[in-house]
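Engineer: after the sequence you'll find the predicted model.
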Number of protein chains: 2
Amino acid sequence: MKDRKFFGNKSSDEIIKTIQEFHGWAAPGVIIGAIMVDYALENLPAEAEKDAIVETTHCLPDSIQLFTPCTFGNGWMKVADWDRFALTFYDKKTLNGFRVWLDPEKLKHFTVVNNWYMRLVPKKSIPLEVLNEAILSAGRDMLSGKKVTVTGLYGKKEKNNISICSGCGEPYSASTGALCQQCSGHGYFKYSSAE
Amino acid sequence: MKDRKFFGNKSSDEIIKTIQEFHGWAAPGVIIGAIMVDYALENLPAEAEKDAIVETTHCLPDSIQLFTPCTFGNGWMKVADWDRFALTFYDKKTLNGFRVWLDPEKLKHFTVVNNWYMRLVPKKSIPLEVLNEAILSAGRDMLSGKKVTVTGLYGKKEKNNISICSGCGEPYSASTGALCQQCSGHGYFKYSSAE
């Protein structure tokens, strides 16, 4: 597996370097994600324009953003906050796709990875290099994949009409009412009194 | 402005190339975002470890992910889906931060950008190069920024305990009940009958 090529021509060392640069460190979850993305894409027509849906906010979104044209900001990747280590790529035109997930029955055969993912041992007791080596060695054998038809979370998220908030004077989505979220009391900051 | 350096040493051409490679095209919103990120970071101590909060899902998250260590998947960037073109960076330790937003009063002085952002003319009537040139030329003069204290959306989003769904047998967050979201009827796909 160590010598396996990802996405046609990338070595596992290149994959890990790319992950380190973007994600900040060689996170095991992002490496599993790279294997998942590679597996899903191989099961869809190369020529199809593909969008992504990911079922967790943790790690996996970065694998999609790094190794496909789908990003959070361009809207081609949608995130369902379900804490499931699974993703789907699908053809935008036909909605036919391929879903890949970390399969607990298969994962049991890979003790190091299983102990880490299912939290059977303290995280810090597994050295990162050992874990990542085990992940690369398991490869697709810990995953399952199946053809799906996408029935939700697809399509372009349209921008709402922009209004000016009568509280702060800033543009915001008119659909949320006469005031923006911050001025309605649902904000996340207060201005420092010094300014 | 065309010759301005971003993030200490990057030219606007480099910024645009980086955006094209990740986001797929030189989206005006991501370019404005780069100017916003640059402005915010300059107003915080260089040595502080900084997290980000962004107030829209459109475009702006990619500027943060491209030009800072904060990504969606590593959890250092949080997204509030408010359709506000604004972002905050803050010191993780002190929660003191700096918020930057597109200021409608200032934007009025930049007709091309204002017409595009406020949708006063059809999007397609403005050539992309003309719009992006106008954005680079306006630079920070269309933005406002202010010191803030962050009061929400900060901190690490902990992973929930993992259970195995009694419906599909997949791992999922135990906190959502006895079944995963898909098996509870809130899913986004169906398996193809052929498989």
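Structural biologist: Nice, thanks for sending it over. Computed from a predicted structure; not experimentally measured.

Engineer: how does chain A divide into domains?
Structural biologist: Here the domain parsing of chain A from automatic domain parsing is A:12-149, A:158-195.

Engineer: any part of the last one near chain B?
Structural biologist: Yes: contact of domain A:158-195 with chain B (Cβ under 8 Å from any Cβ of the partner chain) involves A:159-160, A:162, A:164, A:169-173, A:176, A:180-182, A:187-192, A:194-195. Every C-beta, even on glycine, is put in place using the N, C-alpha and C of the backbone.

Engineer: buried among those? Need that as a selection in PyMOL.
Structural biologist: A single PyMOL command selects the buried members of the residues of domain A:158-195 next to chain B (16 or more other Cβ atoms under 10 Å in any protein chain shown):
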select buried, chain A and resi 162+170+171+172+173+176+180+181+182+187+188+189
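
Engineer: any chance of the domains of chain A in JSON lines, plus mean pLDDT?
Structural biologist: What follows is the domains of chain A, written out as JSON lines (pLDDT from 0 to 100):
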{"stretch": "domain A:12-149", "mean pLDDT": "96"}
{"stretch": "domain A:158-195", "mean pLDDT": "86"}
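
Engineer: tell me the most buried of the ones you listed?
Structural biologist: domain A:12-149 (a mean of 19; mean count of other Cβ atoms under 10 Å in any protein chain shown).

Engineer: end to end on that one, go ahead and measure it.
Structural biologist: 31 Å (Cα to Cα, to the nearest Å).

Engineer: related to what we said a few turns ago, adding distance to B:Lys93, write the domains of chain A out as CSV.
Structural biologist: Putting those into CSV (distance: least, Cβ to Cβ, whole Å) gives the following:
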stretch, distance to B:Lys93
domain A:12-149, 17
domain A:158-195, 16
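
Engineer: of those, which approaches B:Phe22 most closely?
Structural biologist: domain A:12-149 (6.3 Å; Cβ to Cβ).

Engineer: and the most centrally placed residue in chain A, how far from chain B?
Structural biologist: In chain A, the residue lying closest to the centroid (Cα atoms, centre = their mean) is A:Pro61, at 1.8 Å. Using Cβ to the nearest Cβ, to the nearest Å, A:Pro61 is found at 4 Å from chain B.

Engineer: tell me the angle the helix or strand where that residue lies makes with helix B:60-67.
Structural biologist: Per DSSP states H and E, A:Pro61 falls inside helix A:60-67. On the basis of axes from the mean of the first three to the mean of the last three Cα atoms, to 10 degrees, helix A:60-67 is oriented at 70 degrees to helix B:60-67.

Engineer: export helix A:60-67 to PDB, keeping only CA atoms.
Structural biologist: Coordinates of the C-alpha atoms in helix A:60-67 are reproduced here as PDB (Å, rounded to 0.1, in the frame of the first residue of the first chain):
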ATOM      1  CA  LEU A  60     -13.000  14.700   5.900                       C
ATOM      2  CA  PRO A  61     -14.000  18.000   4.300                       C
ATOM      3  CA  ASP A  62     -10.300  18.900   3.900                       C
ATOM      4  CA  SER A  63      -9.600  15.700   2.000                       C
ATOM      5  CA  ILE A  64     -12.300  16.700  -0.500                       C
ATOM      6  CA  GLN A  65     -11.100  20.300  -0.800                       C
ATOM      7  CA  LEU A  66      -7.500  19.200  -1.300                       C
ATOM      8  CA  PHE A  67      -7.900  16.500  -3.900                       C
END
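
Engineer: next secondary structure after that helix?
Structural biologist: Next element after helix A:60-67 (DSSP H and E): strand A:77-79.

Engineer: who are the packing partners of that next one?
Structural biologist: strand A:50-54, helix A:60-67 (3 or more Cβ pairs under 8 Å, 6 or more residues apart in numbering or on different chains; DSSP states H and E).

Engineer: and what about the residue lying closest to A:Phe6 once chain neighbours are set aside, helix, strand or coil?
Structural biologist: In space, and not counting its chain neighbours, A:Phe6 is closest to A:Asp38: 4.9 Å by Cβ to Cβ, 6 or more residues apart in numbering or on different chains. Following DSSP: H, G, I helix; E, B strand; the rest coil, we place A:Asp38 in the helix state.

Engineer: for B:Val148, see how far away A:Asp38 is.
Structural biologist: Distance of A:Asp38 to B:Val148, given as Cβ to Cβ, to the nearest Å: 41 Å.

Engineer: cool, and A:Phe189?
Structural biologist: Applying Cβ to Cβ, the value for A:Phe189 to B:Val148 is 4 Å.

Engineer: contacts only, for the residue nearest to A:Phe6.
Structural biologist: Going by Cβ atoms under 8 Å, 6 or more residues apart in numbering or on different chains, A:Asp38 touches A:Phe6, A:Phe7, A:Phe67.

Engineer: which neighbours do A:Phe189 and B:Val148 have in common?
Structural biologist: Joint contacts of A:Phe189 and B:Val148 (Cβ under 8 Å, 6+ apart) are B:Thr88, B:Gly97, B:Arg99.

Engineer: mind checking which helix or strand the first one is in?
Structural biologist: If I follow you right, that is B:Thr88. Counting by DSSP H and E, B:Thr88 is part of strand B:86-91.

Engineer: neighbouring contacts of the helix or strand following that strand?
Structural biologist: Next along the chain after strand B:86-91, taking DSSP H and E as the criterion, comes strand B:96-102. With contact meaning Cβ under 8 Å, 6+ apart, strand B:96-102 is reached by A:170-171, A:189, A:192, B:32, B:36-37, B:39-40, B:43-44, B:50, B:84-91, B:117, B:142-150.

Engineer: what do you get for stretch A:115-133?
Structural biologist: A:2, A:16, A:26, A:28, A:31, A:85, A:102, A:104, A:107, A:112-114, B:162, B:171.

Engineer: with just CA atoms, put it into PDB.
Structural biologist: Coordinates of each C-alpha in stretch A:115-133 appear next as PDB, following Å, rounded to 0.1, in the frame of the first residue of the first chain:
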ATOM      1  CA  ASN A 115      -8.500   1.300  18.500                       C
ATOM      2  CA  TRP A 116      -8.000   4.900  17.500                       C
ATOM      3  CA  TYR A 117     -11.300   5.400  15.600                       C
ATOM      4  CA  MET A 118     -13.500   3.700  18.200                       C
ATOM      5  CA  ARG A 119     -11.500   5.300  21.000                       C
ATOM      6  CA  LEU A 120     -10.700   2.000  22.600                       C
ATOM      7  CA  VAL A 121      -7.300   3.300  23.800                       C
ATOM      8  CA  PRO A 122      -6.200   6.800  24.700                       C
ATOM      9  CA  LYS A 123      -5.400   8.800  21.600                       C
ATOM     10  CA  LYS A 124      -2.000   9.800  22.800                       C
ATOM     11  CA  SER A 125      -0.900   6.100  23.300                       C
ATOM     12  CA  ILE A 126      -0.700   5.600  19.500                       C
ATOM     13  CA  PRO A 127       2.300   7.400  17.800                       C
ATOM     14  CA  LEU A 128       1.100   9.300  14.800                       C
ATOM     15  CA  GLU A 129       3.500   7.600  12.400                       C
ATOM     16  CA  VAL A 130       2.400   4.200  13.500                       C
ATOM     17  CA  LEU A 131      -1.200   5.100  13.000                       C
ATOM     18  CA  ASN A 132      -0.700   6.700   9.600                       C
ATOM     19  CA  GLU A 133       1.300   3.700   8.500                       C
END
